[in-house]
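> Predicted model and sequence below, questions to follow.
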Amino acid sequence: MTHDLNDYAEKRDFAQTPEPQEKGGGAPDGGKPAFVIQKHQSSTLHYDFRLEVRGVLTSWAVPKGPSMDPRQKRLAVPTEDHPLAYAEFEGVIPDGEYGAGTVIVWDRGTYRNLRVEKEQDGPSMEEALAEGKVEVWLEGEKVRGGFALIQTGNGEDARWLLIKLRDGEADARRNPVATEPDSVLSGRSIEEVRDEEGRAQEKN
Ligand code: MN
């Protein structure tokens, strides 16, 4: 995990994509770091899980999205750091561009580093990422409670697992990915954003 935005900028042509170029953004709630989960219909549907760490959004692509059931381990593939302003982005990435498809803000809020709270001399988020063992408490609109991100494998084979921790917010019967599919930012479905924003782009 790199903590810089060079990969992000190199993959994108900002003359073509409406994605944010500027760093921008910032902690929305009394300095607590932000998290966002973006639903992204590109060649495949996935959920981009992002945590604000040291001024960028550390990111993973989670094909099935988060589960509230601690028995479910969800694959999380690391992707490039994104600028903080990306947490507000929903729209259509044009055909031929990196990540072409539609993005909505599926959930967002703030988080806490649980390892700092639970362990003596617990690691910072950067240290926890380097160790491959992150535990955070999420305060979103759909997703709340403790989650672990555990690294398995290294280098090109690096894979992480996103797992709900066993706490009062764990609930195997709740499946917000299925029951609450739309944007928390605009209330729109991914199809509505595709149709509305896609039409706006054609006019330009
Ligand atoms: Mn994505």
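Everything's here; your move.

> Which secondary structure state is assigned to the residue nearest in space to the middle of the chain?
Residue closest to the mean C-alpha point of the chain, counted by CA atoms, centre = their mean, is Phe49 at 2.0 Å. Phe49 falls in the strand class when you classify it by DSSP: H, G, I helix; E, B strand; the rest coil.

> Nearest to the ion: which residue in the protein?
Nearest residue of the chain to the ion (CB to the ion) works out as His40 at 3.7 Å. Yep, even glycine has a C-beta here, placed from its N, CA and C like the rest.

> So that residue is in contact with Gly99, correct?
Yes: between His40 and Gly99 there is a contact at 6.9 Å, judged by CB atoms under 8 Å.

> of those two, who's got more company?
His40 (20 against 16; other CB atoms under 10 Å).

> beta partners of that one?
His46, Val103 (DSSP bridges).

> Please list all residues in contact with it.
The neighbourhood of His40, defined by CB atoms under 8 Å, 6 or more residues apart in numbering, consists of His46, Tyr47, Asp48, Ala61, Gly99, Gly101, Thr102, Val103.

> For His46, see how far away it is.
His40 sits at a distance of 6 Å from His46 (criterion: CB to CB, to the nearest Å).

> Need the overlap of contacts for these two.
Among the neighbours of His40, those also in contact with His46 (CB under 8 Å, 6+ apart) are Ala61.

> Could you check how far Glu52 is from Tyr86?
10 Å.

> And the host helix or strand of Glu196, what's buried?
Assigned by DSSP states H and E, Glu196 belongs to helix 190-203. Using 16 or more other CB atoms under 10 Å as the test for burial, helix 190-203 gives Ile190, Val193, Arg194, Glu197.

> Tell me if it is near the ion.
No: on the criterion CB under 5 Å from the ion, helix 190-203 is out of touch with the ion, staying 12.2 Å away.

> Show me what that helix is packed up against.
For helix 190-203, the elements it packs on are strand 34-41, strand 91-93, strand 101-113, judged by 3 or more CB pairs under 8 Å, 6 or more residues apart in numbering; DSSP states H and E.
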